[in-house]
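Colleague: Model the structure of this input:
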Amino acid sequence: MSDSFSQYWASEIDTLGLAPQRRHTCAYGDFPRTGRIDPNHDIVLVLNGTSSGVCPPDLDWILPDRAGLVIADAVSAAFTRPIDYDRIDVLCWSWQKALGGEGGHGMIALSPRAQARLKAGERKPVARLMRVHNPDGSVNKAFFGGRTISTPSMFAVEDIHSALDWAEACGGLPALLNRVANNYAVMANWVNSTPWIDWTCANPAARSTCSITLRLVREQLAAGEKEDDSKIVAEMIRLLETEAAAFDIWSYGDAPPGFRIWAGPTVEADDLAILCEWLAWAYAHACEASILPKPIVERARASVQG
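Modeller: Numbers count the residues shown, from 1 in each chain. Alright, predicted model coming up:
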């Protein structure tokens, strides 16, 4: 676990007090080693970490004949990366992230093993809005057929239907994954050719292709402190917002100073290419406005001119 949302899940599990948990941790911007994970235990993981830009390289380490359940947060992984559903028992995802639907809505899928656990498990108080089982413990299958406890906005439902129609017209899931791959290629080409920026996730195998997280390269700011990084990023974002070129691309709260850019299937590769040009422009101007040494400012200018 290196993503902020993985940490949130771990803390939430602690508050339930069900059983002691083992947290598999690693440096920020990487994915933990999986060799010591016990398949007899339940596993909770995030399939796409939007705060760190990290995702599991694969799910081959999850055994098909496992005893424990695998509970996966796929809020932003659904429709953006291949998912081996045979290795997952509980999957939740969002209407908002990959398909651009309304926030606050999501879906959950339960494997037969998860349904059996739900029926056999100890009954605990659950808010009615979250109750997916009948009084006898069996899964209330009506919810998975369209029934609702509290009627959601029909505009939101129609909106996600429209998004799914768009996805189907694009060519379905393979086309969506291809759009994500093209978007990532645009960002990767720019990062590889830009000396002052780099990936927050240094491990390419564990790097998300849709949650682009970038950091300023320390070598370019050797004369400054960490606060200077934050000042440069803050000034860049101020400039970009003033020009209406980009909004809400701050790195997540506990990530290194940098940027968090969504490159999911609803985003156009050409727009990301334009954003890269804006980022280079903003960096040069932010360096001009700072107290950075002259050689750094000159290199910033050169990166724009090049």
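Colleague: Name the helix or strand for Arg260, please.
Modeller: Arg260 is part of strand 258-262 when elements are defined by DSSP states H and E.
Colleague: for Tyr28, same thing?
Modeller: Using DSSP H and E, no helix or strand contains Tyr28.
Colleague: Tell me how far it lies from Val54.
Modeller: With distances taken as CB to CB, to the nearest Å, Tyr28 is found 9 Å from Val54. Where you see a C-beta, it was placed from the backbone N, CA and C, and this is true even at glycine.
Colleague: Between the two, point out the one with more neighbours.
Modeller: Val54 (28 against 16; other CB atoms under 10 Å).
Colleague: For this structure, which segments are assigned as strands?
Modeller: In the chain, strands defined by DSSP state E lie at 43-46, 70-73, 90-94, 106-110, 197-199, 211-216, 258-262, listed in chain order.
Colleague: now those strands in JSON lines, with mean neighbour count?
Modeller: Shown next, in JSON lines, are those (neighbours: other CB atoms under 10 Å):
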{"stretch": "strand 43-46", "mean neighbour count": "22"}
{"stretch": "strand 70-73", "mean neighbour count": "22"}
{"stretch": "strand 90-94", "mean neighbour count": "20"}
{"stretch": "strand 106-110", "mean neighbour count": "15"}
{"stretch": "strand 197-199", "mean neighbour count": "20"}
{"stretch": "strand 211-216", "mean neighbour count": "25"}
{"stretch": "strand 258-262", "mean neighbour count": "21"}
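Colleague: excluding its backbone neighbours, what's nearest Ile212?
Modeller: Among residues not flanking Ile212 along the chain, Ile261 sits closest, at 4.2 Å (CB to CB, 6 or more residues apart in numbering).
Colleague: Do I have it right that the one you found meets Cys276?
Modeller: No: using CB atoms under 8 Å, Ile261 makes no contact with Cys276, being 9.6 Å away.
Colleague: between the two, what contacts are shared?
Modeller: Met187 (CB atoms under 8 Å, 6 or more residues apart in numbering).
Colleague: List the contacts of the nearest residue to Thr209 once chain neighbours are set aside.
Modeller: Counting by CB to CB, 6+ apart, the nearest residue to Thr209 once its immediate chain neighbours are dropped is Tyr184, at 3.9 Å. By CB under 8 Å, 6+ apart, Tyr184 lies in contact with Thr209, Cys210, Ile212, Ala263.
Colleague: Quick check: which ranges of the protein have low pLDDT?
Modeller: 1-2, 121-130, 149-151, 218-227, 289-306 (pLDDT under 70).
Colleague: so where do the helices sit in it?
Modeller: With DSSP state H as the criterion, the chain has helices at 4-16, 112-120, 154-170, 172-192, 226-242, 269-289, 294-305.
Colleague: Make CSV from the strands of the chain and add distance to Leu164 to it.
Modeller: Formatted as CSV, these follow (distance: least, CB to CB, whole Å):
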stretch, distance to Leu164
strand 43-46, 24
strand 70-73, 21
strand 90-94, 13
strand 106-110, 12
strand 197-199, 32
strand 211-216, 22
strand 258-262, 19
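Colleague: These: which one's closest to Asp159?
Modeller: With CB to CB as the measure, strand 90-94 is the member of those nearest Asp159 (12.9 Å).
Colleague: and the direction of the strand holding Arg260 versus that of helix 269-289, what angle?
Modeller: Orientation check (axes from the mean of the first three to the mean of the last three CA atoms, to 10 degrees): strand 258-262 against helix 269-289 gives 160 degrees.
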